[in-house]
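In: Below is the sequence, then the predicted model.
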Amino acid sequence: MLYVRELGKQYSGERLVEAVSDVSFELERGRFLAIVGRSGSGKSTLLAMIGGISRPTCGSVCIDGKDQWALTDTQRADFRNTRIGFVFQFASLLPTLRAIDNVALPALVGGQMDFQEAYARARKLLENVGLNQRVDAYPGELSGGEKRRVAIARALINSPELLLADEPTADLDEATEEEILNLLVDVHRAFQLTLVVVTHNKTIAARADQILEMRAGGGAMSPVCWPAAEPGARTDFSAQSERVKGIFASPAELVASEQVPLGAGVERFLGRIVLTVLPILFMVWGSNAALAFYQRSMIDARIAQRQALEDMAMRELRADVKAITLGAGKTYKLSLYLRNTTGRQPIYVMAPTVRGFVQVGSSWQEVPLKPAQSSAPQVMKITGEQVLDYVLEPDLQDFAQLIPYYMHVRLSNDLLVSPRSEPKDDLIERNDNYYVYLKPHDADDRAILAKVKFPGRPPVWIPMPPH
């Protein structure tokens with residue numbers, strides 16, 4: 001009855017999203033298929049493609065040998081209205097129409113029965129779903145369970161051969177959920193309807209003849225694998241079967257006496273437009289909402305990943321000047337350290353680039369600075385503390401003296417940091433500036449002490465906070 005072959009659906013954008021991938025299965029007439037899987041696995045998208053609402057990117061859907069997606073839009077709308085019944089995740093009732101109007105509308109649009117018969121059948125359906133006292137109520141006056149019953153009655157108005165239900169018990173309390181599930185399965189059994197239900201409820205899935213489990217957009221047919229119900233746990237549908245069998249049998253006297261509030265003119269035309277367009281709008285809205293949620297989740301995940309990288313690079317990795325000593329000639333030996341402060345996992349640093357500057361007047365003049373060893377590794381694994389040695393040669397005479405006789409020196413350290421030795425998209429750039437006052441090689445300690453009070457001999461370097 002239902003034949004799905006290599007069905008797939010993709011959404012394009014900044015990033016290609018594969019909602020459904022290569023799903024194939026067959027379902028015989030009168031059988032019950034449950035589609036299960038995690039949120040976002042493509043269950044609702046698959047159901048929309050089966051029902052002729054959302055066009056697949058690839059594959060085919062054949063119902064009684066007729067390929068849904070080989071039909072024109074008009075042919076597909078007529079086929080959908082007369083052969084397929086829908087129960088959406090939300091009731092999706094028209095708020096300005098009464099319960100009986102909502103149920104009768106698909107029959108009026110299809111044009112297969114006159115107005116009196118459509119309303120007589122709608123009334124009978126509402127009675128059989130337990131709403132005989134609510135036929136004239138508007139959706140705003142109905143509870144969630146009552147709205148869902150109206151939606152089921154509406155799905156049955158045209159005697160469909162295939163009934164599709166997308167999470168039919170979502171947002172219902174446990175007792176109402178059980179009533180709705182019982183009603184769906186009862187109708188399926190009484191009329192031998194082919195039933196396809198998207199659900200996360202293991203109770204209803206356990207009643208199915210077949211289960212299609214979706215995993216990240218793909219599916220694989222598997223037998224029922226949940227344990228059988230305990231004796232007496234399953235609902236006895238025999239008491240309801242006789243009641244359900246009378247749903248479509250409306251006595252002639254009831255048809256003749258039925259009052260029809262909708263006219264036979266413009267309402268039929270508008271109703272046809274509504275029934276054709278509304279399901280598409282709902283599915284487009286649902287698909288857009290799902291895609292937006294997915295994209296938002298991806299963005300949030302990237303933001304969280306970026307924040308974790310920044311915390312690692314800026315907080316867990318500490319870097320500063322360890323020591324500066326006098327070197328040969330007018331050079332200085334500069335030691336910087338990199339320290340992994342947590343030790344939980346290694347931090348990898350791509351060979352840092354260190355530059356030296358001396359303040360001259362109100363500007364900075366770069367001075368020679370090079371690694372002490374030419375064979376330094378390109379990638380350093382930092383698990384504790386690692387010291388890097390450099391040779392600094394600030395041979396200047398006209399430097400600014402913020403502290404008498406001392407050079408004001410800025411050391412700029414550019415790092416590339418990653419939690420992996422071979423980074424991909426988890427690489428972050430860090431820039432540090434260290435400020436020190438540096439005593440020239442030829443400075444006179446007695447002259448310095450005459451200007452600045454030190455507890456002993458003037459130090460070679462004086463660290464300063466970043467500024």
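Out: It's in. The shown structure was predicted, so the numbers you read here are calculated from the model rather than taken from an experiment.
In: Work out the sheet partners of the helix or strand hosting residue 325 and label each with its direction, please.
Out: Secondary structure assigned from DSSP states H and E places residue 325 in strand 317-326. The pairing partners recorded for strand 317-326 under DSSP bridges are strand 332-340 (antiparallel).
In: tell me the mean pLDDT over the partner strand?
Out: Model confidence over strand 332-340, given as mean pLDDT, is 94.
In: I figured residue 94 hits residue 139, correct?
Out: Yes: at 7.5 Å, residue 94 and residue 139 qualify as touching, with contact defined as CB atoms under 8 Å. For glycine as for every other residue, the C-beta is placed from the backbone atoms N, C-alpha and C.
In: got the buried residues for the strand or helix carrying residue 77?
Out: Assigned by DSSP H and E, residue 77 falls within helix 73-83. Buried residues in helix 73-83, counted by 16 or more other CB atoms under 10 Å: 76, 77, 78, 79, 80, 81, 82, 83.
In: From these, pick the one nearest residue 64.
Out: residue 83 (7.8 Å; CB to CB).
In: ok, back up a step: between residue 94 and residue 139, which contacts overlap?
Out: Common neighbours of residue 94 and residue 139, counting by CB atoms under 8 Å, 6 or more residues apart in numbering, are residue 102.
In: okay, these two: which has more neighbours?
Out: More crowded of residue 94 and residue 139, by other CB atoms under 10 Å: residue 139, with 18 against 15.
In: Residue 154: which of the buried residues of helix 73-83 is nearest?
Out: residue 81 (11.5 Å).
In: which residues sit in contact with the closest residue to that closest one other than its chain neighbours?
Out: What sits nearest to residue 81 in space, not counting adjacent residues and going by CB to CB, 6 or more residues apart in numbering, is residue 110, at 5.0 Å. Shown in contact with residue 110 (CB under 8 Å, 6+ apart): 78, 81, 82, 158.
In: what about the helices in the chain?
Out: 43-50, 73-83, 99-110, 115-128, 144-156, 174-191, 202-205, 238-245, 252-257, 266-311, 445-451 (DSSP state H).
In: nearest to residue 23, of the ones you listed?
Out: helix 43-50 (6.1 Å).
In: other SSEs contacting that closest one?
Out: strand 2-11, strand 17-27, strand 32-37, strand 162-166, strand 194-198, helix 266-311 (3 or more CB pairs under 8 Å, 6 or more residues apart in numbering; DSSP states H and E).
In: Going by distance to residue 311, which of the contacts of residue 110 wins?
Out: Nearest to residue 311 among these, with distances taken as CB to CB, is residue 81, at 56.8 Å.
In: Show me the contact partners of the strand holding residue 325.
Out: Residues outside strand 317-326 that contact it (CB under 8 Å, 6+ apart) are 332-341, 347, 349, 382, 387, 392, 411, 413, 415, 417, 430, 432, 434, 436, 438, 441, 460-461, 463.
In: quick one: which of the helices of the chain is nearest residue 421?
Out: Taking those one by one with CB to CB, helix 266-311 is closest: 15.1 Å.
In: how about the helices and strands packed on helix 43-50 in a markdown table, adding mean neighbour count, distance to residue 451 and mean pLDDT?
Out: Listed next are the helices and strands packed on helix 43-50 as a markdown table, based on neighbours: other CB atoms under 10 Å; distance: least, CB to CB, whole Å; pLDDT from 0 to 100:
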| stretch | mean neighbour count | distance to residue 451 | mean pLDDT |
| --- | --- | --- | --- |
| strand 2-11 | 18 | 73 | 88 |
| strand 17-27 | 19 | 70 | 87 |
| strand 32-37 | 23 | 79 | 89 |
| strand 162-166 | 24 | 84 | 89 |
| strand 194-198 | 25 | 84 | 90 |
| helix 266-311 | 14 | 43 | 72 |
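In: could the ones you listed be laid out in JSON lines, adding distance to residue 72?
Out: Formatted as JSON lines, the helices and strands packed on helix 43-50 follow (distance: least, CB to CB, whole Å):
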{"stretch": "strand 2-11", "distance to residue 72": "20"}
{"stretch": "strand 17-27", "distance to residue 72": "23"}
{"stretch": "strand 32-37", "distance to residue 72": "28"}
{"stretch": "strand 162-166", "distance to residue 72": "20"}
{"stretch": "strand 194-198", "distance to residue 72": "24"}
{"stretch": "helix 266-311", "distance to residue 72": "12"}
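In: quick one, domains of this protein?
Out: Domain segmentation of the chain under automatic domain parsing yields 2-264, 316-464.
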